[in-house]
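Asks: task: produce atomic coordinates for the following.
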Amino acid sequence: QAKVELIRADKRRDTATEALMRNVVTSFQKLVSMVPYLPEELMSVVLNIHDSDRLADFVASYVNFEVPEKQRLLDTIAPKERLKQLDTLLAKELSILELGEKIRDRVKGEVDKSQREYFLREQLKAIREELGEADERTAEIEELREKIEAKAMPDETNEVALKQLDRLRMMPPAAAEYTVVRTYIDWLLNLPWQEGTEDNLAIRRAKRILDEDHYDLEKVKERILEYLAVRKLKPDSKGPILCFVGPPGVGKTSLGRSIARALGRKFLRLSLGGVRDEAEIRGHRRTYVGALPGRILQSLRTAGSNNPVFMLDEIDKVGADFRGDPSSALLEVLDPEQNFSFSDHYIEVPFDLSQAMFIATANITQTIIPALHDRMEIIELPGYIDEEKLEIAKRYLIPRQLEQAGLKSSAVEFAEDGIFGIIKSYTREAGVRNLEREIGSVIRKIARRHAEGRKRKVKVNAKNISNYLGPTKFYSELAAREGTIGVATGLAWTPVGGEILFVEATRMPGSKGLILTGSLGDVMKESAQAALSFLRSHAEDLKLDTLDTSKTDLHIHIPSGAIPKDGPSAGLALTSALYSLLSGKTIDPSIAMTGEITLTGRVLPVGGIKQKILGAKRAGITTILLPAENEKDLTEIPKHVREGLTFRTVKTIRDALRILFPTSRNRSSKNKA
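Replies: Predicted coordinates:
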């Protein structure tokens, strides 16, 4: 049987209990006025309850408290404690309701404001329509429409522009797409679809300008004049796509500016060195934030002309990565069969690039992808000999540096031996960039004297050049060398021009066989092995001592060991150095040679003949041995370069040995090379 005990609550009303009851009644009254689920009639009932116990139970039963909170109220027996808990719960409920009411009022105010603004804007629009006026946005749309109609764009582009304008008209200005479409229309309007400069087709004037700006370079000048002649006879002919290849400092970029001046066109230059992103050429699609057209169209927009001379500088240094291959993107730009409808990812309508004259520059062609190489007309600028540098210095470099230093031509006189002194002792290059730098250094020192008040005319010659430029930086290795057994002079071709190199060979007791040093590449190492194999197989015929590589080491070294060297063209020099070592005969160091060899003794043709001959001329070489099949390349060598040089062509290694060692008598053999 369950025991039931009746608990009688303490119903005494002290001052604290009275205060709690009044707080509960006041809070409940506020709650009734704020929530719809509590009828106002409840207040008349509450005001007539004078028992604290009953008041707490009555109020708690009507308010929507959480079930656990109501349970805690039931579990509390003392009326005073129950009123305290109820008062706290009512205060919490009121604060929540008041906060919600504030939020509702703020949202309602914002909505009312937006509705009011919309209503007023519509009223204003209606009033302006009645008055025959247009609002700013409508005026902007109409202005754009007039520009599109006035702009001479192709039909397809015009249709796209009008379609985008209709989209813009339907969009609210606050839309994210609004700015994108507006910018796109601006780009379409600002591109030079039909605008271009008129060519100056006066051939004599063009020749005069080209001669004024650059010395020599006859092949390039001739090609430009040919283009002008064709343009004159056939005005709608497409521009050529040329590629100037040569070492740094020979005037490739400045030649582009000169061509633009001769044609009367604007000049644009785009440096491609280190470019690895295809979007640099084709642009980004408009879906990307901050998208823009590629640098081709950006440059044309800046120029405001669709037929500029467009120079693509350092095209051989374009890279590729995960973002694409810019070289492949350039295929469309540089293809006359495609560039009349070049498609940029941003504008997505064809743009005609065929009116522009594209000129690329490169130091070497080996790094240009074959498809791109095939689209360009290669014109080589091999470099200058000392006499050409002298003329360039007198005509261009010295006057330009005097002007930059603020000196008159009467303040300084450069003697020819002084200029030659700078060329030979302070520079070693195929171009004239360092030469101009050294001349500028001399002139600045003289300018300082003038600024200090010492305005006496200065004559720069070979005797006093070291006073301005300090100790000699370079010397002629050839002049310092004498005929040495086991040493031959070869010719090399580098991105900075032609050079001479010395092949040194020696032998010593040992069992390592052939030792090769000097940062040689695999192809050059194989050439050395082929040279040794040929000499060993023909030792008796060539009157050489039998060589036992198990007891003798042969060491071949090519100086400047820090510079990597490779290629087959040193084969003849390697063979000659080994023959000199094994026969004990010297080679005249003023004789240089180039050519690939075979095991049967044939001498095969090589490339870079013009650059190598220029390098040999600068180094003071007097006789050059060339493969017989390279004799045709001599026709491209200017007459003034060939002066002072003797060219001997050889078909076999034996032919070369007869020239290098004229006292030797090589017996013929059955296995004659």
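
Asks: what helix or strand does Leu86 sit in?
Replies: Assigned by DSSP states H and E, Leu86 falls within helix 79-131.

Asks: following that helix, which helix or strand shows up next?
Replies: helix 136-150.

Asks: so which elements touch that next one?
Replies: helix 155-170, helix 176-190 (3 or more CB pairs under 8 Å, 6 or more residues apart in numbering; DSSP states H and E). C-beta coordinates here come from the backbone N, C-alpha and C atoms, glycine included.

Asks: mind putting those helices in TSV, mean pLDDT and mean neighbour count included?
Replies: Formatted as TSV, the helices and strands packed on helix 136-150 follow (pLDDT from 0 to 100; neighbours: other CB atoms under 10 Å):
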stretch	mean pLDDT	mean neighbour count
helix 155-170	89	15
helix 176-190	90	16
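
Asks: ok so, going back, and the helix holding Leu86 with helix 136-150, angle?
Replies: 40 degrees (axes from the mean of the first three to the mean of the last three CA atoms, to 10 degrees).

Asks: hang on, the earlier thing: in JSON lines, list the helices and strands packed on helix 136-150 along with distance to Arg137.
Replies: Putting the helices and strands packed on helix 136-150 into JSON lines (distance: least, CB to CB, whole Å) gives the following:
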{"stretch": "helix 155-170", "distance to Arg137": "8"}
{"stretch": "helix 176-190", "distance to Arg137": "10"}
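
Asks: which one of those helices lies closest to Phe340?
Replies: Proximity to Phe340 (CB to CB) singles out helix 155-170 among the helices and strands packed on helix 136-150, at 13.3 Å.

Asks: what is the neighbour count of His557?
Replies: Using other CB atoms under 10 Å, His557 has 17 other residues around it.

Asks: surely it and Ser519 touch.
Replies: No - using CB atoms under 8 Å, His557 makes no contact with Ser519, being 10.3 Å away.

Asks: output stretch 531-538 in PDB with nothing but the alpha carbons.
Replies: Taking C-alpha atoms only, stretch 531-538 is exported to PDB below (Å, rounded to 0.1, in the frame of the first residue of the first chain):
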ATOM      1  CA  ALA A 531      88.700  10.500 -84.100                       C
ATOM      2  CA  LEU A 532      90.900   8.200 -82.000                       C
ATOM      3  CA  SER A 533      89.400   5.100 -83.600                       C
ATOM      4  CA  PHE A 534      90.200   6.500 -87.100                       C
ATOM      5  CA  LEU A 535      93.800   7.300 -86.200                       C
ATOM      6  CA  ARG A 536      94.400   3.900 -84.600                       C
ATOM      7  CA  SER A 537      92.900   2.000 -87.500                       C
ATOM      8  CA  HIS A 538      95.100   4.000 -90.000                       C
END
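
Asks: show me what counts as buried in it.
Replies: Residues 531-532, 534-536, 538 are the ones in stretch 531-538 that count as buried (16 or more other CB atoms under 10 Å).

Asks: now it: how far from the chain's centre is it?
Replies: 49 Å (CA atoms, centre = their mean, to the nearest Å).

Asks: likewise stretch 362-375?
Replies: Centroid displacement of stretch 362-375 relative to its chain, using CA atoms, centre = their mean, is 16 Å.

Asks: other residues contacting that stretch?
Replies: Residues outside stretch 362-375 that contact it (CB atoms under 8 Å, 6 or more residues apart in numbering) are 241, 243-248, 314-317, 327-328, 330-331, 334-335, 378, 495-496.

Asks: buried members of those residues into ChimeraX, please.
Replies: Selection of the buried residues among the contacts of stretch 362-375 in ChimeraX, burial being defined by 16+ other CB under 10 Å:
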select :241,243,244,245,246,247,314,315,316,317,327,328,330,331,334,335,495,496
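
Asks: strands - which of the contacts of stretch 362-375 land there?
Replies: The strands, defined by DSSP state E, take in 241, 243-245, 378 from the contacts of stretch 362-375.

Asks: just these now: which is nearest Asp553?
Replies: Nearest member of those to Asp553, counting by CB to CB, is Val245, at 41.7 Å.

Asks: quick check: neighbours shared by His557 and Ser519?
Replies: With CB under 8 Å, 6+ apart, His557 and Ser519 have no common neighbours.

Asks: related to what we said a few turns ago, which stretch among the helices and strands packed on helix 136-150 comes nearest Ile465?
Replies: Within the helices and strands packed on helix 136-150, the stretch nearest Ile465 is helix 176-190; the backing value is 53.6 Å (CB to CB).

Asks: next SSE downstream of that closest one?
Replies: Next element after helix 176-190 (DSSP H and E): helix 203-213.

Asks: in that next one, what's buried?
Replies: Within helix 203-213, the residues scored as buried using 16+ other CB under 10 Å are 206-207, 209-211, 213.

Asks: how far does that helix sit from its chain's centre?
Replies: The answer for helix 203-213 is 32 Å, by CA atoms, centre = their mean.

Asks: packing partners of that helix?
Replies: Secondary structure elements in contact with helix 203-213, counted by 3+ CB pairs under 8 Å, 6+ apart, are helix 218-233, helix 252-263.

Asks: low-confidence ranges in this protein?
Replies: Applying pLDDT under 70 to the chain flags the ranges 1-2, 5-13, 121, 125, 128-135, 476-481, 546-547, 549, 663-673.

Asks: could you chop it up by domain?
Replies: Domains of the chain are assigned by automatic domain parsing as 1-133, 136-190, 203-380, 386-469, 478-660.

Asks: save those as CSV, and put in distance to Gly196 too.
Replies: Formatted as CSV, these follow (distance: least, CB to CB, whole Å):
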stretch, distance to Gly196
domain 1-133, 40
domain 136-190, 11
domain 203-380, 4
domain 386-469, 31
domain 478-660, 35
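
Asks: next SSE downstream of whichever strand or helix holds Tyr579?
Replies: Counting by DSSP H and E, the element that carries Tyr579 is helix 571-583. Remark: after helix 571-583, the chain's next helix or strand is strand 591-593, criterion DSSP H and E.

Asks: pull the contacting residues for Thr472.
Replies: Here Thr472 is in contact with 425-426, 466 (criterion: CB under 8 Å, 6+ apart).

Asks: from Ala462, how far out is it?
Replies: 11 Å (CB to CB, to the nearest Å).

Asks: buried ones in stretch 349-356?
Replies: With burial defined by 16+ other CB under 10 Å, the residues of stretch 349-356 counted as buried are 349, 351-356.

Asks: please read the previous query as pertaining to stretch 105-112.
Replies: Per 16+ other CB under 10 Å, stretch 105-112 contains no buried residues.

Asks: picking that back up, next step: the contacts of stretch 362-375 restricted to helices.
Replies: Taking DSSP state H, the ones among those that sit in helices are 327-328, 330-331.

Asks: for those residues, which one is nearest Phe28?
Replies: Of these, the one sitting nearest to Phe28 (CB to CB) turns out to be Ser328, at 80.5 Å.

Asks: who's the closest spatial neighbour of the residue nearest in space to the middle of the chain, skipping the chain neighbours?
Replies: The structure's the chain has its C-alpha centroid closest to Val275; by CA atoms, centre = their mean the separation is 3.0 Å. Among residues not flanking Val275 along the chain, Pro326 sits closest, at 5.1 Å (CB to CB, 6 or more residues apart in numbering).

Asks: need the contact list for that neighbour.
Replies: Pro326 is in contact with 272, 275-278, 280-281, 318-320, counting by CB under 8 Å, 6+ apart.

Asks: about what we covered before: tell me the one of the ones in helices among the contacts of stretch 362-375 nearest Asp553?
Replies: The closest of the ones in helices among the contacts of stretch 362-375 to Asp553 turns out to be Ser327 (CB to CB; 46.2 Å).
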